[in-house]
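> could you work out the structure for the sequence below:
(2 chains)
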Protein chains: 2
Amino acid sequence: MKATRNFKNPLITPADVKPSREDFKVDCTFNAGITRYKDEIIMLIRVAESVISDDENIIKIPLLEKKDGKYHLVIKTFDKIKDAEKYDFSDSRTIFAKTNNGEKVVKYLTSLSHFRIARSKDGVNFEVAEKPFMFPDGSYETWGIEDPRITKIDDTYYINYTAVSEKGAATALAKTKDFISYERLGIIFEPENKDVCIFPEKINGLYFALHRPVPKAIGTPDMWTAKSFDLIHWGQHHHFSAVTDDGWENGRIGGGAVPFKTEKGWIAIYHAADKNSRYCLGALLLDLEDPNKILAKTKMPILEPEAPYEKEGFFNNVVFTCGVLYENRVVKIYYGGADTVMALAEMSIEDLYKALGI
Amino acid sequence: MKATRNFKNPLITPADVKPSREDFKVDCTFNAGITRYKDEIIMLIRVAESVISDDENIIKIPLLEKKDGKYHLVIKTFDKIKDAEKYDFSDSRTIFAKTNNGEKVVKYLTSLSHFRIARSKDGVNFEVAEKPFMFPDGSYETWGIEDPRITKIDDTYYINYTAVSEKGAATALAKTKDFISYERLGIIFEPENKDVCIFPEKINGLYFALHRPVPKAIGTPDMWTAKSFDLIHWGQHHHFSAVTDDGWENGRIGGGAVPFKTEKGWIAIYHAADKNSRYCLGALLLDLEDPNKILAKTKMPILEPEAPYEKEGFFNNVVFTCGVLYENRVVKIYYGGADTVMALAEMSIEDLYKALGI
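Numbering: from 1, shown residues only, chains lettered A, B, ... in the order given. Just a heads-up that it's a prediction; the model follows:
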């Protein structure tokens, strides 16, 4: 059982999004959070922008720097030929510093991501805002903000996201009640940790989240869980679901969509990549009272890169979700394709149960 | 200004500690936590043991495995010649799996660490217990428990330590009131995170800790801080002190001794290693009301590997502390030498202030 792609896919492409500055171009519009807000569906799109350069040997890097106590967007310019001694420009996404021991050290990212709101009545046709909703700010976001996930708790929408800087990729939290203004709540998982999914209600008195630390010396990029009284302080870390030795999830595994509640348990649609970095989506069924208990797991992906906009783009062969809408027994999976576009695939809850073998 | 070594150094060596099993040998007795308990000084020593092998081509690995719902110590045997296709035995501390892409993946550690109590009246002459106080147990400790740090809060002694398993190196917490029994409180910092130092009192209503995540893709092994209401759930992560571009702390930096309070501020004695993994000790002076504020920092190490037992051992050129006693205006730094022995160096608080340039 697999999800069915919407015939209007891709729903959002870089051409649909106006750059935030005249000297910027939009490279990617992907990995969006999704939620229903009043009579609208709000998509919070990760928009990755780079600086236009007229000379193919000149790379311009957008990033934040501190001056007079505040963080400002600045553009750093590199010459691929003149700076070749110090830097490695072979990866279009990253500038590496050349080190004596041959270790690759990430020095800059070539693009900077912010969050842009798109609004829709039907969940398919979206109108993208002219300006960013949330732009990187502060010392933890100098290289951008990425992969927002929206969890509605009571009347507040919590947005967790990856805060990227030279200090590492950490998970930060913000909140909004109106999608006009928002408040930053700081770093909730220290680097290297992304793919955090916060459950939409307390379970036995505690908030619950999936997270995905990436250890350096020992261990693989696996899913863990944690608990919290207040969404700010997290503990009771539990190793939850590991990469496999073989198959489609032998590279890395991490939280995808914010989990949703069904009569059979919590369902978490997650991503997994194999050692060739081919990203697919799977699903987990978790116990309603104790989500650390995995009741069922899809053996095969419910979505894998097959469409052209999933197979080719900024990073090929990727389907990656940050959010679903579960309404009227239909699971609407909003997902990024090839790190470039936003798309939609749907399946009935009954089909998802079948995919889970229940 | 530097600390002065005790003339009885090293205070504890592997020869002083009885193996926990007849087929084990003690390789290292180091990185101990220290505290005053009633009329005694208690040292909680990290004891690293390996399995005796009569054949130099046979390596026996001690680790924990789950059977019938419980974790048991088992011995795995490897043949350096027969298993050479699958494993790399070139590092005496670690067995690496050979991978197709040439990446070194840690598969086993050659030794297993537990915690042993040593007791003293004078802080110099210690009597080492015959048996372990705390032995690895459970899924997060299958490869051992390491580097205990003791924080006394009211009448409870909290012990944080590195829990090592194939899942990574995480920080766990336990507590005791009598150093006879103890209770495990779970994982407080997910992998990869060690060198956690918990401050001995709440500051403005919150517990405070130094921690040291090791990110993989972006960033260096730097010191961070976090806050907690209950010692179990941690948040408000703050990037605190980074490795430098050059000099004695350009490789990694991390918490050392549990910080202590003086009239000028909190003092945290920390460790730093250069790119050649030469480990030294430095000190930070932190604001009493807001320890995220660094008021002063030693420019040069207050202790660096110079004595024979610091320059040569299981891992050469290391001084590494997990705890100090600060009594009668004297700072007694208990530290591991060359990852093999325990030693003591002392300095007056006035000399430490001078080293801090205050």
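> what's the longest helix in chain A?
When chain A is scanned for its longest helix (criterion: DSSP state H), the result is helix A:349-355.
> A:A242: neighbour count?
Number of residues near A:A242 (other C-beta atoms under 10 Å in any protein chain shown) recorded here: 16. C-beta here means a position set from N, CA and C on the backbone, and glycine is covered the same way.
> re earlier: report all helices and strands that the longest helix of chain A contacts.
Applying 3 or more C-beta pairs under 8 Å, 6 or more residues apart in numbering or on different chains; DSSP states H and E, we find helix A:349-355 packed against strand A:330-337.
> flag every buried residue along stretch A:151-170.
Residues of stretch A:151-170 classed as buried: A:151, A:157-170 (neighbour count, 16 or more other C-beta atoms under 10 Å in any protein chain shown).
> tell me the residue furthest from the middle of chain A?
Relative to the centre of chain A, and counting by C-alpha atoms, centre = their mean, the farthest-placed residue is A:K82 at 35.0 Å.
> in the buried residues of stretch A:151-170, find the pair that's most separated.
Distance extremes for the buried residues of stretch A:151-170: the farthest pair is A:Y157 and A:E166 at 29.5 Å, using C-beta to C-beta.
> which parts of the stretch 151-300 of chain A sit against chain B?
Selection of the stretch 151-300 of chain A residues close to chain B by C-beta under 8 Å from any C-beta of the partner chain yields A:164-170, A:186-193, A:211, A:213-219, A:222, A:224, A:226-229, A:232-239, A:242.
> related to what we said a few turns ago, strands - which of the buried residues of stretch A:151-170 land there?
Members of those lying in strands (criterion: DSSP state E): A:151, A:157-165, A:168-170.
> out of those, who's nearest chain B?
The closest of those to chain B turns out to be A:G168 (C-beta to the nearest C-beta; 3.2 Å).
> list the contacts of that closest one.
By C-beta atoms under 8 Å, 6 or more residues apart in numbering or on different chains, the contact set of A:G168 is A:E190, A:P191, A:E192, B:P213, B:P215, B:A217, B:I218, B:G219.
> try it again with 7 Å
In this structure, A:G168 makes contact with A:P191, A:E192, B:P215, B:I218, B:G219, judged by C-beta atoms under 7 Å, 6 or more residues apart in numbering or on different chains.
> pLDDT (mean, whole number) over the strand ranked longest in chain A?
Secondary structure of chain A per DSSP E: the longest strand is strand A:24-37. For strand A:24-37, mean pLDDT is 98.
> what is that strand packed up against?
Counting by 3 or more C-beta pairs under 7 Å, 6 or more residues apart in numbering or on different chains; DSSP states H and E, the packing neighbours recorded for strand A:24-37 are strand A:40-51, strand A:144-153, strand A:319-327, strand A:330-337, strand A:341-348.
> can you list the strands that that strand pairs with?
Partners of strand A:24-37 in the sheet, by DSSP bridges, are strand A:40-51 (antiparallel).
> now the strand it pairs with - C-alpha only, CSV.
Below are the C-alpha coordinates for strand A:40-51, written out as CSV (Å, rounded to 0.1, in the frame of the first residue of the first chain):
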residue,chain,number,x,y,z
GLU,A,40,-7.3,28.0,5.9
ILE,A,41,-4.5,25.5,5.5
ILE,A,42,-1.1,27.1,6.3
MET,A,43,2.0,25.8,4.7
LEU,A,44,5.2,27.1,6.3
ILE,A,45,7.8,26.6,3.5
ARG,A,46,11.5,26.3,3.9
VAL,A,47,12.8,28.7,1.2
ALA,A,48,16.5,28.3,0.4
GLU,A,49,18.0,31.3,-1.4
SER,A,50,21.5,32.0,-2.8
VAL,A,51,23.1,35.1,-4.1
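> hmm, which of the residues of the stretch 151-300 of chain A next to chain B are the buried ones?
Among those, those scoring as buried are A:164-170, A:186-193, A:211, A:213-219, A:222, A:224, A:226-229, A:232-239, A:242 (criterion: 16+ other C-beta under 10 Å).
> give me the contacts around the helix or strand containing A:E310.
A:E310 belongs to helix A:308-311 when assigned by DSSP states H and E. Residues outside helix A:308-311 that contact it (C-beta under 7 Å, 6+ apart) are A:N9, A:P10, A:P305, A:N317, A:V318, A:V319, A:G337, A:A338, A:V341, A:A343.
> okay, now A:E65: neighbour count?
When counting by other C-beta under 10 Å, one arrives at 11 neighbours for A:E65.
> need the contact list for it.
By C-beta under 7 Å, 6+ apart, the contact set of A:E65 is A:Y71, A:H72, A:V74.
> counting neighbours, which of those residues comes out on top?
Highest neighbour count within the contacts of A:E65: A:Y71, with 16 neighbours (other C-beta under 10 Å).
> state the pLDDT value of it.
98.
> which helix or strand contains it?
strand A:70-79.
> partner strands of that strand and their direction?
strand A:58-67 (antiparallel).
> pull out the buried positions in the partner strand.
By neighbour count on 16+ other C-beta under 10 Å, the buried set for strand A:58-67 is A:I59, A:K60, A:I61, A:P62, A:L63, A:L64.
> repeat that for stretch A:237-250.
For stretch A:237-250, the neighbour count (16+ other C-beta under 10 Å) marks A:H237, A:H238, A:H239, A:F240, A:S241, A:A242, A:V243, A:W248, A:E249, A:N250 as buried.
> what is the end-to-end distance of it?
22 Å (C-alpha to C-alpha, to the nearest Å).
> quick check: closest non-adjacent residue to A:W143.
A:V164 (4.2 Å; C-beta to C-beta, 6 or more residues apart in numbering or on different chains).
> so that neighbour sits against A:Y140, correct?
No: A:V164 is beyond contact range of A:Y140, at 8.1 Å (criterion: C-beta atoms under 7 Å).
> ok so, going back, pick the most deeply packed of the helices and strands packed on strand A:24-37.
Mean neighbour count (mean count of other C-beta atoms under 10 Å in any protein chain shown) peaks for strand A:330-337 among the helices and strands packed on strand A:24-37, with a mean of 25.
> so which elements touch that one?
Strand A:330-337 sits against strand A:24-37, strand A:319-327, strand A:341-348, with contacts defined as 3+ C-beta pairs under 7 Å, 6+ apart.
> where in the stretch 201-350 of chain A is pLDDT low?
Of all residues in the stretch 201-350 of chain A, none has pLDDT under 70.
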